[in-house]
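*Asks:* Structure for this input, please:
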Amino acid sequence: MSRHLLIGLSTRALAESAVKHCRNVVTLDYFGDQDQRAQVENFSLAREYRLPFSAANLLKASQDLTFDTVAYTANFENHPNIVAALSDRASLAGNGAETVRRIRDWSVLREFCEKRKIPHPQTLLPGEERLATNGQKWLCKPVNQGGGHSIRPWDGRPLNDSSILQSYMDGMSASATFLADGQRCKIIGLTRQLIGRSELGGSGYTWCGNILPLGLNAHKTKTLLEAVENMVSKLTQNFGLKGFGGMDFIISEGVDGKLYPSLLEINPRYTGSMELIESAYGLNIYTLHLDACGGQLPDFNLLKHPNEKYYGKSIVYARKELNIQNTYDWAELGRKDIPFPNDSIKPGHPICTITAEADTYNTCLAKLITRADTLRLEIGDLKRDE
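*Replies:* Residues are numbered from 1 along each chain as shown. Coordinates of the predicted model:
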């Protein structure tokens with residue numbers, strides 16, 4: 001029986017899906033969460049190896065493990081050489097090094113988007129700062145980080161080699177989850193992104209979670225889905241995308257009242273919104289991922305799943321240095337990515353993930369915020385009069 005390794009910054013959510021597909025699963029990540037270890041063999045950079053997070057450290061630690069198939073999560077998409085090293089050791093379930101290298105290179109992606117008329121913010125590379133027009137708000141983005149961390153308004157200074165400029169676009173932050181077989185694609189979910197929510201400990205452009213679905217009426221959902229499918233289809237055919245992936249985009253309303261998506265980035269690997277899709281639509285993401293890598297896409301129509309219920313997840317970030325006490329009952333409270341008792345958490349680092357279900361988008365968001373407040377009161381990260 002093939003032994004599957006799941007590797008990345010966090011593997012808990014993907015592991016929950018994978019163990020439903022097969023039991024011979026081992027995971028290697030940074031956190032080593034309590035709830036993950038309750039259901040699957042896990043090794044952690046922070047716990048077993050006492051190493052800081054990096055893809056290179058994960059690769060090094062994987063030398064201690066035996067596996068036949070490997071699937072990665074964040075942030076291996078920024079390290080094609082390490083993806084190549086993994087694929088030398090086992091069958092790679094996902095996008096290979098060359099695909100990752102090209103689609104994460106904005107000099108390549110920008111040229112393709114301009115050629116194929118894929119809407120995207122104006123994007124400038126190091127050395128092109130002089131093209132930044134006055135009166136336009138520009139964001140400085142690191143190209144080797146994820147989760148919206150370190151994105152900041154541009155202050156006019158020259159870019160370093162690992163940053164780009166993108167023109168700021170106003171609109172709804174969203175993401176599309178898709179499966180691809182190298183030539184074709186299938187959109188299986190559209191979610192709103194929770195960005196920089198102070199109630200969740202976020203700031204700036206930090207990713208704080210997702211809510212599924214978008215909450216648009218049937219007509220707007222249909223036209224938006226068609227536009228997104230057209231974009232992802234072009235990207236799949238050109239870059240040979242395989243397996244699961246995500247596209248982050250901004251939804252803007254035109255003068256004609258229609259909604260238009262603009263590409264922000266492609267994440268050619270497992271994404272944080274995928275566990276919501278499993279809950280909402282009864283899919284097994286890992287099985288579908290392996291099938292797509294083998295050339296088989298699911299018979300799935302997103303439009304046949306109306307907005308009857310909303311599913312949300314959010315990351316709660318620490319506001320101060322914390323020492324977590326008893327966490328053994330957290331799973332019963334619907335919390336995930338659970339730390340162990342006596343774990344220390346630094347300011348700005350994730351405490352755990354909280355989830356919610358509701359009949360409306362606003363109620364779902366309110367539940368997430370209320371549950372975050374409850375958590376903070378419980379662990380001393382929120383004053384009662386705050």
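*Asks:* rest of the way, CA atoms for contacts and neighbours
*Replies:* Fine.
*Asks:* and the nearest residue to Pro261 once chain neighbours are set aside, what are its bridge partners?
*Replies:* Once flanking residues are discounted, Pro261 sits nearest to Ile251: 4.5 Å by Cα to Cα, 6 or more residues apart in numbering. Beta bridges link Ile251 to Met172, Pro261, judged by DSSP bridges.
*Asks:* what about Ile251, how many neighbours?
*Replies:* A total of 20 residues lie near Ile251 under the criterion other Cα atoms under 10 Å.
*Asks:* Contact partners for it?
*Replies:* The contact partners of Ile251, taken as Cα atoms under 8 Å, 6 or more residues apart in numbering, are Gly171, Met172, Ser173, Ala174, Leu259, Tyr260, Pro261, Ser262.
*Asks:* Please apply the same query to Arg110.
*Replies:* By Cα under 8 Å, 6+ apart, the neighbours of Arg110 are Thr123.
*Asks:* related to what we said a few turns ago, and the residue nearest to Pro261, how close does it get to Gly272?
*Replies:* To Gly272, Ile251 is 19 Å away according to Cα to Cα, to the nearest Å.
*Asks:* Likewise for Asn217?
*Replies:* For Asn217, the distance to Gly272 - Cα to Cα - is 24 Å.
*Asks:* quick one: which of the two has more around it?
*Replies:* A direct count of neighbours by other Cα under 10 Å for Asn217 and Gly272 places Gly272 higher, at 20 against 10.
*Asks:* what kind of secondary structure is the nearest residue to that one once chain neighbours are set aside in?
*Replies:* Excluding the flanking residues, the one nearest Gly272 by Cα to Cα, 6+ apart is Gly209, at 7.4 Å. What DSSP: H, G, I helix; E, B strand; the rest coil gives for Gly209 is strand.
*Asks:* Around Gly209, how many other residues sit close by?
*Replies:* Counted by other Cα under 10 Å, the residues lying close to Gly209 total 25.
*Asks:* With only the CA atoms kept, save the helix or strand harbouring Asp373 in CSV.
*Replies:* Using DSSP states H and E, Asp373 falls within helix 361-379. Taking Å, rounded to 0.1, in the frame of the first residue of the first chain, the C-alpha atoms of helix 361-379 are listed here in CSV:
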residue,chain,number,x,y,z
TYR,A,361,-23.2,35.5,5.5
ASN,A,362,-23.5,38.2,8.2
THR,A,363,-24.6,35.7,10.8
CYS,A,364,-21.8,33.4,9.9
LEU,A,365,-19.2,36.2,10.3
ALA,A,366,-20.8,37.4,13.5
LYS,A,367,-20.5,33.8,14.9
LEU,A,368,-16.8,33.7,14.0
ILE,A,369,-16.2,37.0,15.8
THR,A,370,-18.2,36.0,18.9
ARG,A,371,-16.3,32.7,19.1
ALA,A,372,-13.0,34.5,18.7
ASP,A,373,-14.0,36.8,21.6
THR,A,374,-15.0,33.8,23.7
LEU,A,375,-11.6,32.2,23.0
ARG,A,376,-9.7,35.4,23.9
LEU,A,377,-11.6,35.8,27.2
GLU,A,378,-10.9,32.2,28.1
ILE,A,379,-7.1,32.5,27.5
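*Asks:* and it, which residues are buried?
*Replies:* Of the residues in helix 361-379, Tyr361, Cys364, Leu365, Lys367, Leu368, Ile369, Arg371, Ala372, Asp373, Leu375, Arg376 count as buried by neighbour count, 16 or more other Cα atoms under 10 Å.
*Asks:* What is the nearest of those to Leu165?
*Replies:* Closest approach to Leu165 among the buried residues of helix 361-379 (Cα to Cα): Leu365, at 30.9 Å.
*Asks:* Return the distance of the closest one relative to Thr355.
*Replies:* 10 Å.
*Asks:* And Phe283, how close does it get to Pro298?
*Replies:* Check again: residue 283 is Leu, not Phe. For Leu283, the distance to Pro298 - Cα to Cα - is 10 Å.
*Asks:* Just want to know which of the two has more residues nearby.
*Replies:* Leu283 (18 against 15).
*Asks:* Now do the phi/psi pair for that one.
*Replies:* phi -100, psi 160 (degrees, to the nearest 10).
*Asks:* Please name the residues that touch it.
*Replies:* Ile277.
*Asks:* what's the neighbour count on Thr27?
*Replies:* Each residue near Thr27 was counted by other Cα under 10 Å, and the total is 27.
*Asks:* ok, now which ones touch it?
*Replies:* Here Thr27 is in contact with Leu5, Leu6, Ile7, Thr11, Ala15, Val40, Glu41, Asn42, Phe43 (criterion: Cα under 8 Å, 6+ apart).
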